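*Asks:* Provide a 3D model corresponding to the input given below.
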Amino acid sequence: MLARPISAQEARWIHPTTGNFYQINFETQALFENKDGIHWNKIADLSFEDIKSHDLILGNFNYQEIPIPGSNLSYLMVSCTGQLYQLDRKNWILKRIDQTFFRGANCAAIKFLRNGVLYSFGGYGFWQLTNVLTKYDPKNKEWMSIGTKGDIPIAINDGISAYVPSKDIFITMANLQVNDSRLYNSSVVDWNIYEYRFKNQEFFKVGTVHLEELKKYLEKDLYRNFLFNGRYFILIDKSIQVYRYDTMIIIDLLDNFKTYHWLNSDRLPITANNSSEQEIRFKGKDSLAWSSNFSSKNQVNKNSIQYIISIKNVLADSEYLGKLTDEPWYIEFFKVMTLSLGVLTSLFFIFIFGNLKKTGLGVK
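*Replies:* As a prediction, this is how the structure comes out:
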């Protein structure tokens, strides 16, 4: 086992399925791996191809890995740029494959692979939130915009968004709308739920987030720490702004947006931030893993402890909150009362009009 060297010339990311951490030291071209959130091991010396040092973006988790199915290859995509790299884990080659010139307009965009094509939706840049949809063109080695229609969201940024392979849709909700040109302007949350359907390149508004527990949660924690495994959105309350202990909100996209609150009966600590090896992540599709320097009794330990818990057990220790689109009881009550009042009013006028006709006082 080798210690991970401390260097500013590095890039770090999490593998989306194994949950392993990886880091490249650009000075030595060494690739390191961390399987448990605690121990780092050097696994290869990389060969660089078509890489210019002045183009490299450094820092923790600015890189996103997207494995290419059925191969030893992965794409490495860099936040706030259109840069695209290919990592070959068989021959240990890192190669830049795009020729993107512009950068800075797609920070925190949602990036995913669909039918062999890379997509990048939304993000922010140059003091603007965007709803721009793009896909990578390997022939031109550049990103191309996608025209769309329908109920297009004003922005796709700092919301809850993901590509859902089983339904072949992109879904987004609870996006922030901010105008940096207005002094003292606060963020506005767009509570609508949108689906983008690739077949006809169209957005549809499929509902609105009404569930009060989720709205209160998101209004307090604007950082939107969430994971997605193809079915469940898992929102992580790492800031402890909503609850007094670490917990999660789980949204089931394949079962009518049913929403659950993990009770965390054992009070497991998951307070790590987004730039450390203690970050909570998926270990496979069905389990969560993370490390912590705190015990369940909030006592500092000298060594980190790794936690692994299955999604099944998380749900078993959760309370059902309702569906995202469920309106509060008082709104439903108001609707019923309004409808009832309308029916009673109609019956009243029918009764009055009938009596007028019987007595001969009706208008002829």
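*Asks:* Surely H210 touches F257?
*Replies:* No: using CB atoms under 8 Å, H210 is not in contact with F257, being 10.3 Å away. (C-beta placed from N, C-alpha, C; glycine too.)
*Asks:* so what sits against both of those two?
*Replies:* Residues touching both H210 and F257 comprise L324, T325, with contact defined as CB atoms under 8 Å, 6 or more residues apart in numbering.
*Asks:* Neighbour count: those two, which is higher?
*Replies:* Set H210 next to F257 and count neighbours by other CB atoms under 10 Å: F257 wins out with 22 against 17.
*Asks:* what kind of secondary structure is E219 in?
*Replies:* Following DSSP: H, G, I helix; E, B strand; the rest coil, we place E219 in the helix state.
*Asks:* Kindly report the same for N256.
*Replies:* Applying three-state DSSP: N256 is coil.
*Asks:* Distance check, the closest residue to it other than its chain neighbours against V314.
*Replies:* Nearest non-adjacent residue to N256, counting by CB to CB, 6 or more residues apart in numbering: K323, 5.6 Å away. Going from K323 to V314 by CB to CB, to the nearest Å gives 19 Å.
*Asks:* ok, now I156?
*Replies:* 27 Å.
*Asks:* Show me which of these two is the more surrounded one.
*Replies:* I156 (27 against 19).
*Asks:* which ones are touching that one?
*Replies:* Applying CB under 8 Å, 6+ apart to I156 gives the contacts A109, I110, F121, G122, G123, L129, T130, N131, T172, N175.
*Asks:* Apply 7 Å and report the result again.
*Replies:* Each residue near I156 by CB atoms under 7 Å, 6 or more residues apart in numbering is listed here: I110, F121, G122, N131, T172, N175.
*Asks:* so what pLDDT did the closest residue to it other than its chain neighbours get?
*Replies:* Spatial nearest neighbour of I156, excluding adjacent residues (CB to CB, 6+ apart): G122 at 2.5 Å. pLDDT recorded at G122 is 95.
*Asks:* ok, now F333?
*Replies:* 52.
*Asks:* ditto for T81
*Replies:* pLDDT recorded at T81 is 89.
*Asks:* And for N293?
*Replies:* 69.
*Asks:* same thing with T247?
*Replies:* 85.
*Asks:* In terms of secondary structure, what does the helix or strand encompassing G322 contact?
*Replies:* Using DSSP states H and E, G322 falls within strand 318-323. Using 3 or more CB pairs under 7 Å, 6 or more residues apart in numbering; DSSP states H and E as the contact test, the elements touching strand 318-323 are strand 258-262.
*Asks:* after the strand it packs on comes which helix or strand?
*Replies:* strand 281-282.
*Asks:* Name every strand pairing with that following strand and say which way it goes.
*Replies:* When pairing is defined by DSSP bridges, strand 281-282 lines up against strand 287-294 (antiparallel).
*Asks:* Please enumerate residues in contact with the strand it pairs with?
*Replies:* Residues from elsewhere that reach strand 287-294, judged by CB under 7 Å, 6+ apart: 19, 37-38, 269-270, 272, 277-283, 300-301, 304-311, 314.
*Asks:* filter those residues to the buried ones?
*Replies:* Taking 16 or more other CB atoms under 10 Å as the criterion, what is buried in the contacts of strand 287-294 is 19, 37, 269-270, 272, 277-283, 304-305, 307, 309, 311, 314.
*Asks:* related to what we said a few turns ago, now distance to S318 too, for the contacts of I156, in TSV please.
*Replies:* Shown next, in TSV, are those (distance: CB to CB, whole Å):
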residue	distance to S318
I110	26
F121	29
G122	29
N131	33
T172	24
N175	26
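*Asks:* Same list (the residues you listed) but as CSV, adding distance to Y217, neighbour count and secondary structure.
*Replies:* Shown next, in CSV, are these (distance: CB to CB, whole Å; neighbours: other CB atoms under 10 Å; DSSP: H, G, I helix; E, B strand; the rest coil):
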residue, distance to Y217, neighbour count, secondary structure
I110, 20, 21, strand
F121, 23, 24, strand
G122, 21, 25, strand
N131, 24, 18, strand
T172, 17, 24, strand
N175, 15, 25, strand
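*Asks:* ok, of those residues, which one's closest to F204?
*Replies:* T172 (11.5 Å; CB to CB).
*Asks:* Quick check: bridge partners of the closest one?
*Replies:* Following DSSP bridges, T172 is listed with bridge partners S161, Y194.
*Asks:* quick revisit: which pLDDT value goes with the residue nearest to N256?
*Replies:* If you check K323, the pLDDT there is 96.
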